[in-house]
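# Here is a sequence with its predicted model. Questions after.
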Amino acid sequence: MWSSARGCPPGSAAVSADCANDSALASTTQSAKRIGERDTQLALLEAATSVMPCLYKAHKFLATRGDLDYTALWILYAATPLAQVEVISARKLVDREVIPQALALNPTFFKLVYTDLLNAKKTKKAVGGALAAADAYMAKRATRLFAPLLDYLRDAGEIRSASDIESHFARSYGIAGLTTACEYLSDQGHIAKASVPVRATKRSSTSLQELAFFLADEPDAHS
């Protein structure tokens, strides 16, 4: 009697070949799933990283100037990458017209941060509510959206400068703007800020302090 744990019964060469092909297909399928998940993570990171500068600008214009028009404008700028986050999270292909896709998936949220800001009167309550909703949307999903960045800092196990982080993600994945993403994760308490000395020039003996980040719960983070 053959054991199913071994995968294939004894028999003809054709049967053995079929079993080998089945095993190879299963292995390829699992590999494709892993690759697909990684691609999804990177697509989410890129979209989420594009959201943050817009929301920071919106907060700036609301807090420092009370300018509802400009605040609404920056929230509307954020609507496209927010829509990309929504669609990618649903494991759907992103169309050129991504906002209608997102409206179909999450009508309540995108009505608040997009449709109402376009069509309704821009009151402080409406604009502030849209900004708060966008903040909550990102905060709820932060660890998922920024998983590759968090994984990078976790694997590093020590402080990494902003330029090192930017260089790694630009070189490896073609994604820029990670410093802003790190600032956001720091504001949310997921990572911590630090500084590291860097030379002003290659030949300079003068060191300057550069912004850096690390995972606060890493045992070697403070060394």
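Ah, there it is.
# so where is the protein shaky, pLDDT-wise?
Residue ranges of the chain with pLDDT under 70: 1-35, 200-202, 205, 217-223.
# which residues touch the residue nearest in space to the middle of it?
The centroid of the chain falls nearest to residue 45 when counting by CA atoms, centre = their mean (2.3 Å). Residue 45 sits next to 145, 146, 147, 148, 149, 173, 175, 181 when contact means CB atoms under 8 Å, 6 or more residues apart in numbering. In this view, the C-beta of every residue, glycine as well, is placed from N, C-alpha and C.
# Surely it forms part of a helix?
Yes. According to DSSP: H, G, I helix; E, B strand; the rest coil, residue 45 belongs to a helix.
# quick one: it from residue 83, how far?
Distance from residue 45 to residue 83, counting by CB to CB, to the nearest Å: 16 Å.
# Domains in this protein, by residue range?
As assigned by automatic domain parsing, the chain contains the domains 41-141, 148-214.
# and residue 164, how many neighbours?
Other residues near residue 164 come to 18 when the count uses other CB atoms under 10 Å.
# how about it, what does it touch?
With CB under 8 Å, 6+ apart, residue 164 has no contacts at all.
# is it true that it lies in a strand?
No. Under the criterion used here (three-state DSSP), residue 164 is helix, not part of a strand.
# change the start of the numbering to 41 and stick with it
In the new numbering, first residue 41, that becomes residue 204.
# can you tell me how far it sits from residue 85?
With distances taken as CB to CB, residue 204 is found 17 Å from residue 85.
# Equivalent analysis for residue 145, please.
Distance of residue 145 to residue 85, given as CB to CB: 20 Å.
# Tell me where this structure has strands.
Assigned strands in the chain, in chain order: 200-201, 232-239, 247-254 (criterion: DSSP state E).
# of these, which approaches residue 132 most closely?
strand 247-254 (32.0 Å; CB to CB).
# What residues does the residue nearest to residue 123 when sequence neighbours are not counted make contact with?
Counting by CB to CB, 6 or more residues apart in numbering, residue 142 is the residue found nearest to residue 123 once chain neighbours are left out, at 3.5 Å. Residue 142 is in contact with 122, 123, 124, 126, 127, 150, counting by CB under 8 Å, 6+ apart.
# number of nearby residues for the nearest residue to residue 164 once chain neighbours are set aside?
In this structure, residue 164 finds its nearest non-sequential neighbour in residue 108, 6.4 Å apart by CB to CB, 6+ apart. By the criterion of other CB under 10 Å, residue 108 has 18 neighbours.
# what do you get for residue 209?
22.
# how close does it get to residue 192?
8 Å.
# Show me which of the contacts of residue 85 are buried.
Neighbour-count burial (16 or more other CB atoms under 10 Å) is assigned, among the contacts of residue 85, to 185, 186, 187, 188, 189, 215, 221.
# and which of these is nearest residue 93?
residue 221 (9.6 Å).
# Please name the nearest non-neighbouring residue to that closest one.
residue 89 is the one closest to residue 221 (CB to CB, 6+ apart), at 4.8 Å.
# which residues does the one you found contact?
The contact partners of residue 89, taken as CB under 8 Å, 6+ apart, are 215, 216, 217, 218, 220, 221.
# Find the pair from those residues with maximum spatial separation.
215 and 220 (11.7 Å).
# unless I'm mixing things up, residue 163 is touching residue 111, no?
No. With contact defined as CB atoms under 8 Å, residue 163 does not reach residue 111; the gap is 11.4 Å.
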